[in-house]
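> any chance you could fold what I've pasted below:
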Amino acid sequence: MSEGTSFDQDSLLVGFHLGLAKTCGHRIVKTSTTTLVQDAVRKVNNQQVILKKVDTRRYPHEEEISSYFSSKELSDIPQNHCVPILETIRVPDEEHVVILVMPLLRPCKDPPFETIGEVVEFFRQVFEGMLFMHQHRIAHRDCHAPNVLVNADAMYPGGFHPAKQNMAPDWKGKAKHFTRTEHVPKYYFIDFGLSVRFGPDDSTPRARVVRGGDRDYPPELEDMNVEYDPFPTDVFHLGHLIIHEFTEGNQSLGVKKTLGLEFMEGLAADMTNPDPLKRPTMDEVVASHLRLLCLKVRSGPVIEPLRALTETETGYLVPRNPK
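Numbering: from 1, shown residues only. Prediction:
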C-alpha cells in the first residue's frame with residue numbers, strides 16, 4: 001500500500017494468517033503484529049518472498065489486477081513490469097481476505113545508480129511497463145517511487161537480508177553485489193490497490209478521484225467530487241518521479257539533484273503539464289525517451305559516472321566487482 005494509506009487492525013497479518021502461510025509451504029523469517037506485509041521463504045525452492053494481506057472490501061481490484069498480469073498469457077512478456085504473483089492463499093472463514101505471495105524486491109534506487117546509462121535503462125523499463133499497463137486498459141493510480149521496485153537477484157548472487165538489505169542473509173557482513181551495468185536488473189510496479197481497469201471499447205474512461213502516495217498531486221485530483229481520466233494522471237506521477245528522484249531532487253525528502261540527466265528535463269516537464277489534455281500519452285513518452293537517448297548517445301557516452309549535486313561537489317562512483 002502507499003506510505004500515506006491508513007489501515008486498521010483488520011488489515012494486519014496476524015498469527016492465524018502466518019500459520020496458514022506455513023501450512024502452504026512458507027517459512028516465516030520474522031514476525032510482526034503491525035504490518036501489512038511479512039518476509040518469508042518458500043520451502044519448495046528456498047526463494048525469499050513477501051506475504052501481503054489484502055482486504056478485498058477496501059481494495060476490491062488488487063487481487064484481480066495483480067493476478068491478471070501474472071497470468072500465463074502475460075507473465076512472460078518482456079514489456080510486463082508488474083510484480084509477479086507467485087501464489088494466492090485463501091483464508092478459511094475470511095472470504096474478504098487473500099494473501100498474495102510475491103518475490104522479495106528492493107527499492108528502485110538501492111543500491112545507488114552509478115552511470116547515466118543505468119538510469120536511462122531504469123526510465124526505459126518504467127516507461128515500457130506503464131505503457132504495457134495502459135495498453136491493457138489498466139491505470140495504476142499510485143505510481144510514485146516507493147511503488148517501483150527492482151529485482152536485484154542477479155546483482156546479489158549471495159542474497160541479502162530481507163529486513164536489512166545491505167547485509168548478507170546470515171548477517172555476517174555486508175551483502176556483496178555487482179553493478180546494474182554488470183547484471184542488468186528488472187524493475188517492477190507493485191501495489192495495485194488503487195488501480196482501475198476499463199473495457200477495450202471505453203473511449204472516455206472516468207474514475208472517482210483517489211490520491212495515492214504522491215502528495216504533489218495534479219489539478220484533476222483537487223476536487224474529490226469530479227470524476228477524471230486516470231491515464232494522464234499516471235503520466236503525471238511518472239514525470240514527478242523523474243523530477244523528484246533525479247533531475248531536481250526533493251529537498252523535503254533529502255533527495256539531491258543528480259547531474260548528467262538534464263536531457264530528461266523537457267520530457268519530465270511535458271509529463272507534468274497541469275493540463276492533462278496537454279500531457280503526452282505513454283506511447284508518446286516511450287517514443288520521446290528513445291529520441292532523447294539517441295541524441296544523448298551522439299553527444300557523449302552514457303557510461304559516464306553519475307554525480308549528485310552536493311556541497312563539496314564530490315561523489316563520483318565507478319563500476320566495481322562484488323566486495
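
> where along the stretch 201-323 of the chain do the helices fall?
Chain-ordered helices for the stretch 201-323 of the chain, with DSSP state H, counting those that start in this stretch as the definition, fall at 230-242, 265-271, 282-299.

> ok, which of those comes nearest Asp201?
Among those, helix 230-242 comes nearest to Asp201, with 15.3 Å by C-beta to C-beta. (Each C-beta comes from the backbone N, C-alpha and C, glycine too.)

> so which elements touch the closest one?
The helices and strands touching helix 230-242, judged by 3 or more C-beta pairs under 8 Å, 6 or more residues apart in numbering; DSSP states H and E, are helix 116-135, strand 138-139, helix 265-271, helix 282-299.

> which secondary structure element contains the residue nearest to Asp110 when sequence neighbours are not counted?
Nearest in space to Asp110, with sequence neighbours left out and distances taken as C-beta to C-beta, 6 or more residues apart in numbering, is Gln165 at 6.7 Å. Here Gln165 sits in a region with no helix or strand, counting by DSSP states H and E.

> quick one: low-confidence ranges for the stretch 101-250 of the chain?
For the stretch 101-250 of the chain, no stretch is flagged by pLDDT under 70.

> out of the helices and strands packed on helix 230-242, which is the most enclosed?
The highest mean neighbour count among those, using mean count of other C-beta atoms under 10 Å, belongs to strand 138-139: a mean of 23.

> tell me the helices and strands packed up against it.
Strand 138-139 sits against strand 196-197, helix 230-242, with contacts defined as 3+ C-beta pairs under 8 Å, 6+ apart.

> which residues does the spatially closest residue to Phe231 that is not a sequence neighbour contact?
Nearest-residue entry for Phe231: Ala139, 5.3 Å, with adjacent residues in sequence omitted and distances by C-beta to C-beta, 6+ apart. When the contact criterion is C-beta atoms under 8 Å, 6 or more residues apart in numbering, the partners of Ala139 are Met133, Ser195, Val196, Phe198, Pro205, Ala207, Pro230, Phe231, Thr233, Asp234.

> how near is Ala139 to Ala175?
As for Ala139, its distance to Ala175 is 35 Å (criterion: C-beta to C-beta, to the nearest Å).

> picking that back up, who wins for proximity to Glu245 among the helices and strands packed on helix 230-242?
Of all those, the one in closest proximity to Glu245, counting by C-beta to C-beta, is helix 116-135 (9.5 Å).

> which among the helices and strands packed on strand 138-139 is found nearest to Gly260?
Closest to Gly260 of the helices and strands packed on strand 138-139 is helix 230-242 (C-beta to C-beta; 13.4 Å).

> residues in contact with the closest one?
123, 126-127, 130, 133-134, 139-145, 148, 196, 205, 207, 212, 214, 216, 218, 220-221, 264, 267-273, 276-277, 279-282, 285.
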